[in-house]
Structure formats: structure tokens, C-alpha cells
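> From the sequence below, what's the structure:
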Amino acid sequence: ARSERSIWLHASSVGEVTLLKPLVALLEQGEPETPLVISAFTSTGLSTARKLYPRHTIVPLPFDLTFVVRRFLKRFDPRLVIIVESELWPNFIRVARRYGASVAVVNGKMSAKSHRAHTRRRLIPRVLANLDLVAAQTDEHAARFRSLGVPAERIRVTGNMKYDLTRAPADAQRRAELRRALKFADDDVVIIGGSLHEREDEALLDAFAAARAANERAALIVVPRYPVDAAAVEQHAAARGLRTARKSALDAGGARAPGRDGVLIVDTIGELGLLYAASDVAFVGGSLFYRGANKGGHNLMEPAILAVPVLFGPFNFSFKETVDDLLAANAGWMVRDARELGDALARLVVDAAERRELGARAQRVVRAGQGATARNYELLRALARRPSLAASSL
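Purely as a prediction, here's the structure:
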């Protein structure tokens, strides 16, 4: 038998699993004797969890059938279940409460579309009544949870934990070293396209032509979302008369960094944050073209915390609140097509003062948004130390 009941954290996929990193660190520090169980819904989420949290028990989310959930709960014996964002599995929540565990939602969010669907079906409202805590990202999300039956006294607005994932800014020396290694001069203006999806590389290459016409010292780094797309990016660049070099070839010694005389195509993984630090303007992809109702955008905070000016397209479902914050503070620019992207880049590459001001405002937005994880941890700690609910017979 376990000497200490566990804390179970559940996330949907890679993004939500990664979001847990600062919270898991606080739990490790504050609850060192408590076993942590981490589950994910997708296979990629499980793989990420195994890499990020090797010390802890990683399991797939049990099928949402009462007898299956019951078996998992008996095995792992949680006193607290923490659900990330909107993974509201009815039987998992209901049986956990019957078992005597407290159940909390952190970084809680609910889209208007989901809210309308839940209002019609009434299943989720019955489930939400079982929640002990909803730590919502915004007042808007909190209001939706409240309208579906979560008692107001169980809801707190604590902010968006995604802001706590951002790295501390690289120092000036590290930035200079990176730029030298990539053959960028101090007065080159380096544009980076991060996490670009299909067609976005072509839009950026076309926009880069406008930037280069405005300032011959403009340079370009293209980071496709999937490294396998590097070959297509090479073809698109060549069709526009641009020579290219792959980051993997640089690392292997098989190519030289092109500097501003060519396009650096990044076909490696895990380097985007460092490359943002070496850049002067960032366009964050996954946002220029519609990819589905529940898709859109990538991590805007990563360049913003580095005081790099941030451009993005109109489709940012996954980062809606961040986009709202950036736009409200005039700390990021939305572009709707390749022409607008070209106009924005042409403006920024010739105006260092505007780049500095835009980047500084973006950095302030991210810093102001940080702290949600610590606030959530304090609420969860109080919940975990509350006397256990009487478990009904399973």
C-alpha cells in the first residue's frame, strides 16, 4: 500500500503536457513525498510526458467507462486530480469525486462554441458541479464555467500558465555569439519565421522580397513546423532565386552559414528559442491560413519575452488571449496576407527605434502575464491538504 496518496495531473496533448512543467516543479519541491501520476490523451502527449517527467508515473488516460476509471483510481489512489484547460471527461471526474479525491481544473478555458454545445446537452453541467476548483485563464472563461453551474466560490481567475513557460532573455553576449556563428553582421536585420505551416513559407519568402527592397541588410531564417518540410522550403526559395543552407548541414560541417546572402532553413528540433534570440523580427506561423475551428497559432510568448517584435496572422485559436493582450498594448502586429506581411517587414527593417519599442512592449505584456502557475499552486496546495472526502464504495 502507498504511504502517501498521489496527485494525478491530466493533460490532453503535447502543449498541455508541456504547460505542466513549472507546476510539476513546484509540486516536486513542495510535496516531495507525494507520488505524481501524469496522464495524457494523445500518443504524442504521452511520449512528451515520458521525456519531460521521467521520475514520475506516466499513464494513458483511462477509457471513460466507470469500471475502467475505477480500476485506475484504485491503483494510483489520488487525493487530488488536476485537469489542464478543458479535458472534462465525465466519468473520470465523477468517479474520482466518489473515490474521495478533490478535482481541480487549472488554466481553465472554454470556447464560446463549446459553451453553446454544453448548454444544449446538459451532461457537462452535471459534471462541472463535481469540481472543487476552477482556476480560469480569464474573466470570460470564468463566466462560462459559472453559467454552466460551477459555484462562483469555487472559481478563481489566475491567468494563463503559458506565460510561465517563457525562457529568461538571452544576454547580449550570447546573442552576439549566435549571430556570429550564423554569419550575421551587427547591422544585419534578421527576420525569422517560426513554426511555419504549408504555404506560410511562400508568403514569408514573398514578403522578404519587400523587406530586402527596403533594406539590403535584411536576412532570413525559416523554421518549418515539421523538419520534413525543409525540402519544400528549399524548392520555394530556389524558385525565387534565393540560395539556401540547412541547419543540419551547418551542424555536420557540410555547409557554411549563408548569413544575409541566403536563407537559413532550420530542419533541426529544439532550437527555435535560441534562434529567436538571434533575430530582430519574428513572424510566428500556424496563423496566416485557416487550419480548422480549433487550430491556429503557435507560441507568441517565446519571441516576445526576448523583446523581439512579433508578427502573426489572423488565425490564433490556441493563443487568442495572448493575441488580445499584445494587440491591446500595441505590442504585436496582425497581418492578414503576404502583402501585409511584406509591408510590416519593410517598415520594421528600416526603423530600429520602432523595432525596439515594439519588442519592449511585447516583453512587458509577457512579464505582466506571468505568475499564474504559482497562484494555481497555492490554491492546489490548500485543496490537497483539505481533509479527504469520504469515498463511497467502489
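
> Poorly predicted segments of the stretch 151-300 of the chain, please.
168-170, 293-294 (pLDDT under 70).

> ok, which stretches of it are helices?
Using DSSP state H, counting those that start in this stretch, the helices of the stretch 151-300 of the chain run over 172-181, 200-214, 230-239, 247-251, 272-277.

> Same question for the stretch 1-150 of the chain.
Using DSSP H, counting those that start in this stretch, helices in the stretch 1-150 of the chain cover 14-19, 21-30, 43-52, 66-76, 90-99, 112-121, 123-128, 139-147.

> Output these as TSV; include the columns mean pLDDT.
Listed next are these as TSV, based on pLDDT from 0 to 100:
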stretch	mean pLDDT
helix 14-19	90
helix 21-30	97
helix 43-52	92
helix 66-76	95
helix 90-99	94
helix 112-121	89
helix 123-128	89
helix 139-147	96
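
> Let me have those helices in TSV, extended by mean neighbour count and distance to residue 187.
Where C-beta positions appear, they are placed from N, C-alpha and C, glycine not excepted. Below are the helices of the stretch 1-150 of the chain laid out as TSV (neighbours: other CB atoms under 10 Å; distance: least, CB to CB, whole Å):
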stretch	mean neighbour count	distance to residue 187
helix 14-19	21	36
helix 21-30	16	37
helix 43-52	17	39
helix 66-76	16	58
helix 90-99	22	57
helix 112-121	13	47
helix 123-128	17	56
helix 139-147	18	44
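
> Show me the one of the helices of the stretch 151-300 of the chain that comes nearest residue 351.
The stretch from the helices of the stretch 151-300 of the chain with the least distance to residue 351 (CB to CB) is helix 200-214; that distance is 9.8 Å.

> The closest one - contacts with which helices or strands?
Contact partners of helix 200-214 among helices and strands, from 3 or more CB pairs under 8 Å, 6 or more residues apart in numbering; DSSP states H and E: strand 189-196, strand 218-224, helix 230-239, helix 338-349.

> Toward the C-terminus, what is the element adjacent to the longest one?
Downstream of helix 338-349, the next assigned helix or strand under DSSP states H and E is helix 352-369.

> out of the helices of the stretch 1-150 of the chain, nearest to residue 197?
helix 14-19 (15.4 Å).

> Work out the gap between the closest one and the centre of the chain.
7 Å (CA atoms, centre = their mean, to the nearest Å).

> can I get the helices of the stretch 151-300 of the chain in a markdown table with mean neighbour count and distance to residue 298?
As requested, the helices of the stretch 151-300 of the chain are exported to a markdown table (neighbours: other CB under 10 Å; distance: least, CB to CB, whole Å):
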| stretch | mean neighbour count | distance to residue 298 |
| --- | --- | --- |
| helix 172-181 | 13 | 21 |
| helix 200-214 | 21 | 11 |
| helix 230-239 | 17 | 17 |
| helix 247-251 | 16 | 18 |
| helix 272-277 | 20 | 9 |
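
> Many thanks, I have nothing further to ask.
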